[in-house]
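Peer 1: model this:
(4 chains)
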Number of protein chains: 2
Amino acid sequence: MKRHALIFGLVGGLLIATLQYTEYRFVVIEHSVELYGALVAILFASFGIWLGLRITRGRETIRETVVIREVPVAAEAFAPNVAQQQSLGITARELEILTLIARGFSNREIATQLFVSENTVKTHCARAFDKLGAARRTQAVQRGKELGLLP
Amino acid sequence: MKRHALIFGLVGGLLIATLQYTEYRFVVIEHSVELYGALVAILFASFGIWLGLRITRGRETIRETVVIREVPVAAEAFAPNVAQQQSLGITARELEILTLIARGFSNREIATQLFVSENTVKTHCARAFDKLGAARRTQAVQRGKELGLLP
DNA sequence: CGCAAAATCATCCGAAAGGATGACGACAAC
DNA sequence: GTTGTCGTCATCCTTTCGGATGATTTTGCG
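Peer 2: Residues are numbered from 1 along each chain as shown, chains lettered A, B, ... in the order given. This next block holds a predicted model:
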């Protein structure tokens, strides 16, 4: 995707350059601004369409990938990454709440399971999210898995 | 498809009209042609991109090359469980939103990425959650992984 | 063409989640 | 005995989610 942005910028710059060069012959012909603008518009519109098509072509390619028959692999025992946990300063309780979040429980359900108040759960959540740099619980779960904190 | 052309023409015409009208204040300011052109270029480029995306939207689903290849699951290879997806009646778009949810994006972020409104995302969410029997997005993600719909 | 399935967008409303902040007790370490 | 960490709980407020529902548009297909 970054490649597209690059191409975009390049073509844009080139066009601007061409603009400045060709401007002199255009100032001679009065009332050519509309024509000029229309030309640029058409050019860039086509370019945009091309870009759009190109972007989505990538999406199609992904969908065309072969269907792979899944062979269930033995789920290895999960070893929580204690190093990561400690380096982030995540406490055991916070991790406990994180795993329950990952299992899809709501704050209330977690509170019930752990015999604490919902407020407490929210506090742990907030602290854990902060340490993980997450803004949402789904994001926290994603980060947690990345860091090997969650199975 | 004709509708797009119509919109295109309309916007184009409007722009040209605006051009003629605003030309007078532009001729006063010299050397503003490049700026002017750049503006039009950006506008039409964005429009073109949008159009391109729109035209090719939804084409991803048609192709489904069913080449069954047995692979001893080498960690990264993820094969979306098409059978499960279809038996649950989950559409491609819904699954797409689900994967973005699993990555920790908010509805708003998803809407931005997919060029749709937040309301649309919420609708897809609601349908997907219903089909998965989930009440929360975290639960939906958990279910999705269980069923082999998500990596 | 006409139909059905998807996809899109909207509005209203209540519930859930998140941010900020303060407070209190338990317990270990210095 | 002071200090620091952890777990607990609370309040206030904002944002985000989710449910219900209806409408329109696109698209695929017979």
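Peer 1: and the helix or strand that contains A:A140, which residues are buried?
Peer 2: Here A:A140, judged by DSSP states H and E, is contained in helix A:137-146. Buried residues in helix A:137-146, counted by 16 or more other CB atoms under 10 Å in any protein chain shown: A:R137, A:T138, A:Q139, A:A140, A:V141, A:Q142, A:R143, A:G144. In this view, the C-beta of every residue, glycine as well, is placed from N, C-alpha and C.
Peer 1: and for stretch A:109-124?
Peer 2: Going by 16+ other CB under 10 Å, stretch A:109-124 has these buried residues: A:E109, A:I110, A:A111, A:T120, A:V121, A:H124.
Peer 1: restricting to C-alpha, output that stretch in CSV.
Peer 2: The C-alpha trace of stretch A:109-124 is given here as CSV (Å, rounded to 0.1, in the frame of the first residue of the first chain):
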residue,chain,number,x,y,z
GLU,A,109,-19.1,-12.0,34.3
ILE,A,110,-15.5,-11.7,35.2
ALA,A,111,-16.4,-9.9,38.5
THR,A,112,-18.8,-12.7,39.4
GLN,A,113,-16.3,-15.5,38.6
LEU,A,114,-13.6,-13.8,40.7
PHE,A,115,-15.8,-12.8,43.5
VAL,A,116,-14.9,-9.1,43.2
SER,A,117,-16.8,-6.0,42.2
GLU,A,118,-17.2,-4.9,38.6
ASN,A,119,-15.3,-1.7,39.5
THR,A,120,-12.3,-3.8,40.5
VAL,A,121,-12.3,-5.6,37.2
LYS,A,122,-12.5,-2.3,35.4
THR,A,123,-9.5,-1.0,37.3
HIS,A,124,-7.5,-4.1,36.5
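Peer 1: on that earlier part again, between helix B:137-146 and the helix holding A:A140, find me the angle.
Peer 2: Calculated by axes from the mean of the first three to the mean of the last three CA atoms, to 10 degrees, helix A:137-146 forms an angle of 40 degrees with helix B:137-146.
Peer 1: what is helix A:137-146 packed up against?
Peer 2: helix A:92-102, helix A:118-132, helix B:92-102, helix B:137-146 (3 or more CB pairs under 8 Å, 6 or more residues apart in numbering or on different chains; DSSP states H and E).
Peer 1: turn these into JSON lines, including distance to DNA strand D and mean pLDDT.
Peer 2: Shown next, in JSON lines, are the helices and strands packed on helix A:137-146 (distance: least, CB to the nearest atom of the strand, whole Å; pLDDT from 0 to 100):
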{"stretch": "helix A:92-102", "distance to DNA strand D": "3", "mean pLDDT": "97"}
{"stretch": "helix A:118-132", "distance to DNA strand D": "4", "mean pLDDT": "98"}
{"stretch": "helix B:92-102", "distance to DNA strand D": "7", "mean pLDDT": "97"}
{"stretch": "helix B:137-146", "distance to DNA strand D": "3", "mean pLDDT": "97"}
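Peer 1: could I get these as CSV with distance to B:A128?
Peer 2: Converted to CSV, these look like this (distance: least, CB to CB, whole Å):
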stretch, distance to B:A128
helix A:92-102, 18
helix A:118-132, 24
helix B:92-102, 4
helix B:137-146, 6
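Peer 1: right, and these - which one's nearest DNA strand C?
Peer 2: helix B:92-102 (3.3 Å; CB to the nearest atom of the strand).
Peer 1: which is the next helix or strand following the closest one?
Peer 2: For helix B:92-102, the following helix or strand on the C-terminal side (DSSP H and E) is helix B:107-114.
Peer 1: now do that next one against helix B:92-102, angle only.
Peer 2: Going by the same axes, to 10 degrees, helix B:107-114 makes 130 degrees with helix B:92-102.
Peer 1: mind listing residues that contact helix B:107-114?
Peer 2: Residues outside helix B:107-114 that contact it (CB atoms under 8 Å, 6 or more residues apart in numbering or on different chains) are B:E96, B:I97, B:L100, B:I101, B:F105, B:S117, B:E118, B:T120, B:V121, B:K122, B:C125.
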